[in-house]
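Student: Let me see the structure of the following:
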Amino acid sequence: MKNLIIFTTKYGSVEKSANLLQEKMNGETKIVNLKKETVPNIDSFDNIILGGSVYMGRTQKELMKFARVNLQKLLEKRVGLFLNCAENTEKKYEQCKNCFPAELYDKAIVKGFFGDEITWEKCSFFHKLIIKKIKKSKESYSNIDMEEIAKFAEQMNS
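Tutor: Sure thing, here's the model as predicted:
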């Protein structure tokens, strides 16, 4: 089985999640950061996993564009979707729907929410203001959900 994890990240938490997921996948698994690398031909992969982070209800534009442009090919594959987000309620599914084309969201065999992580030193001034207001914190933290990543991989591997 050949797997391809395609992700975008702003401050590195999604890359960390993608690497953790790669370790749990069966078969050959390649990871690609859309902001830095060219995506190989997806025809040669069995599973395609798309991942990003959520900022104000949306994910990175590069990931949304990739999903729209490659929608027909993606619909022919086994697809998994994951987001790194702080939301722990049913609202996270609404956020996921806003981040991917509806047909892809509906077809995905698994949707994962891998928690969040803030590295305070990496954040822009604007994001620091938002974090201070929402989280009431000026500290770095990691809430990456290893159990959720393992469950996601198990479903993709089956």
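
Student: where does the residue minimising distance to the centre of the chain fall, helix, sheet strand or coil?
Tutor: With the centre of the chain defined as its mean C-alpha position, the nearest residue by Cα atoms, centre = their mean is Gly51, 2.0 Å away. In the three-state summary, Gly51 is assigned as strand, counting by DSSP: H, G, I helix; E, B strand; the rest coil.

Student: who does it bridge with?
Tutor: Under the criterion DSSP bridges, Gly51 forms beta bridges with Phe7, Phe82.

Student: Contacts only, for it.
Tutor: When the contact criterion is Cβ atoms under 8 Å, 6 or more residues apart in numbering, the partners of Gly51 are 5-8, 14, 17-18, 21, 63, 81-84, 114. Heads up, the C-betas are built off the backbone N, CA and C, glycines and all.

Student: just Asn84 next, same as before
Tutor: In this structure, Asn84 makes contact with 13-14, 17, 51-54, 113-117, 144, judged by Cβ under 8 Å, 6+ apart.

Student: Generate a ChimeraX selection restricted to the buried subset of these.
Tutor: Here is the ChimeraX command that picks out the buried ones among the contacts of Asn84, judged by 16 or more other Cβ atoms under 10 Å:
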select :13,14,17,51,52,53,54,113,114,115,116,117
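
Student: Low-confidence ranges, this structure, go.
Tutor: Judged by pLDDT under 70, the chain has its weakly predicted residues at 55-57, 87-93, 118-120, 122-123, 125-137, 140-141.

Student: What about the contacts of Asn84, which are in helices?
Tutor: The members of the contacts of Asn84 that map onto helices under DSSP state H are 13-14, 17.

Student: Out of these, which is nearest to Asn26?
Tutor: Of all those, the one with the least separation from Asn26 (Cβ to Cβ) is Ser17, at 18.0 Å.

Student: Now do the closest one against Gly51, distance only.
Tutor: With the distance defined as Cβ to Cβ, to the nearest Å, Ser17 ends up 7 Å from Gly51.

Student: between those two, what contacts are shared?
Tutor: Here Ser17 and Gly51 have 7, 82, 84, 114 as joint contacts, going by Cβ under 8 Å, 6+ apart.

Student: so can I have CSV of the residues you listed showing distance to Leu104?
Tutor: What follows is these, written out as CSV (distance: Cβ to Cβ, whole Å):
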residue, distance to Leu104
Phe7, 15
Phe82, 13
Asn84, 18
Phe114, 18
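
Student: Which pair of the residues you listed spans the longest distance?
Tutor: Greatest spatial distance in those: Phe7 and Phe114, 10.8 Å, computed using Cβ to Cβ.

Student: Great, nothing more from me.
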